[in-house]
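# no sequence for this one, just the structure:
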């Protein structure tokens, strides 16, 4: 190979490296986590304060970022929407700052706007959820004020029941959604003119109230059961809420079709249908096992087996 050919080959290799690097940069841009893709927005909306220049007076202004405009960056990155760009849901005009005043009137997307009729999301039953939502007491009492985002913050929401986490974590997460309004007077007043509901007082009939609040979700008693949905969205009036202990504390527990539904389905996949049914129905929910009695049962069972084994040995040796 002469010097001229070597130069040409070297230039081709350099060109290919540059092109490959450019494509790599473009691909990386698409796969950047939200913290990088949305850094421009989160510089203000991810902090409790923000600054801007007042062009008329030539001074820098520092203001407070109000709660409903403040984004928890960690919660957002871990949420179902964490890999989206802000402008995937919000107008691209927000990229200009200061923002135009008319953008405050921007209509929010509903879940069904993105997920409705999409085969990729069919397993989540968004269309059925929408139908159930329109039947709920919440929507019928405040149709203009109540929407998906009243319960599911698009910047932090993540599915809990179907992620295989602990049931106690699911209960805490889901109940906090309800308490966001029912334990916050200012939030409650945005949706209704009614007097705020005292949760403890309205549930004073419930025995071991604190334990129930930690162990089951509000929706177990306040929604209609739905065979095809993990979580029912038909919120019932308080008059129709479940008050019978045996609805949950029985072998045919109401909770097996709601709170424990996903756990039960996963158990059937891993253990087989028959084994899972035996395990799931082996004791009544709420009838907590005593660990000392469990240990005593194991010891007694072990002694019985040992006795049978020793007896068999004596019989064998006696025959000899």
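Yep, that arrived. Since this is a predicted model, take the numbers as computed values, not measurements.

# Tell me the helix or strand right after the helix or strand of the chain with the lowest mean pLDDT.
Here the helix or strand of the chain ranked lowest by mean pLDDT, DSSP states H and E is helix 273-280, holding a mean of 47. Next helix or strand after helix 273-280 toward the C-terminus (DSSP states H and E): helix 291-319.

# in the stretch 151-300 of the chain, which spans are strands?
With DSSP state E, counting those that start in this stretch, there are no strands along the stretch 151-300 of the chain.

# show me the contacts for the most centrally placed residue in the chain.
For the chain, the residue nearest the mean C-alpha position is residue 159 (2.6 Å; C-alpha atoms, centre = their mean). Residue 159 makes contacts with residue 80, as judged by C-beta atoms under 8 Å, 6 or more residues apart in numbering. The C-beta positions use only the backbone N, C-alpha and C, and glycine is treated the same way.

# Pull up the per-residue confidence for it.
We note a pLDDT of 80 for residue 159 in this prediction.

# And for residue 32?
With respect to pLDDT, residue 32 has a value of 47.

# before we move on, what about residue 179?
92.

# excluding its backbone neighbours, what's nearest it?
Using C-beta to C-beta, 6 or more residues apart in numbering and skipping residues adjacent in sequence, the residue nearest residue 179 is residue 199, 7.6 Å away.

# Residue 111 versus residue 159, what's the distance?
12 Å (C-beta to C-beta, to the nearest Å).

# Can you pull the poorly scored residue ranges out of the protein?
1-35, 160-165, 261-290, 320 (pLDDT under 70).

# and with 50 instead?
Within the chain, the stretches with pLDDT under 50 are 3, 6, 19, 23-34, 273-284.

# In contact with residue 94, which residues?
Counting by C-beta under 8 Å, 6+ apart, residue 94 has contacts 41, 86-87, 103.

# Now, those that are in helices?
41, 86-87 (DSSP state H).

# Name only those of the residues you listed that count as buried.
41, 86 (16 or more other C-beta atoms under 10 Å).

# Compile the ones in helices among the contacts of residue 94 into CSV and extend it with columns for distance to residue 107.
Formatted as CSV, those follow (distance: C-beta to C-beta, whole Å):
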residue, distance to residue 107
41, 19
86, 16
87, 15
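
# of the ones in helices among the contacts of residue 94, closest to residue 299?
Among the ones in helices among the contacts of residue 94, residue 86 lies closest to residue 299 (C-beta to C-beta), at 61.6 Å.

# thinking the closest one is in contact with residue 44, fair?
No. The pair residue 86 / residue 44 is not scored as a contact, 11.3 Å apart, by C-beta atoms under 8 Å.

# got any residues that touch both of the two?
Common neighbours of residue 86 and residue 44 (C-beta under 8 Å, 6+ apart) do not exist.

# tell me how far stretch 137-145 is from the chain's mean position?
Chain-centre distance of stretch 137-145: 23 Å, with C-alpha atoms, centre = their mean, to the nearest Å.

# and what of stretch 96-107?
That offset, for stretch 96-107, works out to 30 Å (C-alpha atoms, centre = their mean).

# do the same with stretch 200-219
Worked out by C-alpha atoms, centre = their mean, stretch 200-219 lies 22 Å from the chain centre.

# Residue 50 is in what secondary structure piece?
strand 49-54.

# What are the buried residues along that strand?
Result for strand 49-54 [16+ other C-beta under 10 Å]: buried residues residue 50.

# now what about it, what contacts it?
Strand 49-54 has contacts (C-beta under 8 Å, 6+ apart) with 43-44, 59-65, 97-98.

# Who does it pair with, and is each partner parallel or antiparallel?
Strands that pair with strand 49-54, judged by DSSP bridges, come out as strand 59-64 (antiparallel).

# what does the partner strand contact?
48-54.

# For residue 221, give its distance to residue 125.
22 Å.

# between the contacts of strand 59-64, which is nearest residue 150?
residue 48 (24.1 Å).

# how many neighbours does that closest one have?
9 (other C-beta atoms under 10 Å).

# Give me the nearest residue to it, chain neighbours excluded.
Leaving out its chain neighbours, the residue that sits closest to residue 48 by C-beta to C-beta, 6+ apart is residue 65, at 5.6 Å.

# separation between the one you found and residue 305?
For residue 65, the distance to residue 305 equals 68 Å [C-beta to C-beta].

# Between the two, point out the one with more neighbours.
residue 65 (15 against 10).

# What residues does that one make contact with?
Per C-beta under 8 Å, 6+ apart, neighbours of residue 65: 44-45, 47-50.

# Dump the residues you listed to a markdown table, plus distance to residue 93.
A markdown table is the format used below for the contacts of residue 65 (distance: C-beta to C-beta, whole Å):
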| residue | distance to residue 93 |
| --- | --- |
| 44 | 16 |
| 45 | 15 |
| 47 | 22 |
| 48 | 25 |
| 49 | 24 |
| 50 | 18 |
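
# Could you single out the nearest of those residues to residue 154?
Looking across the contacts of residue 65 and measuring by C-beta to C-beta, the closest to residue 154 is residue 45, at 13.1 Å.
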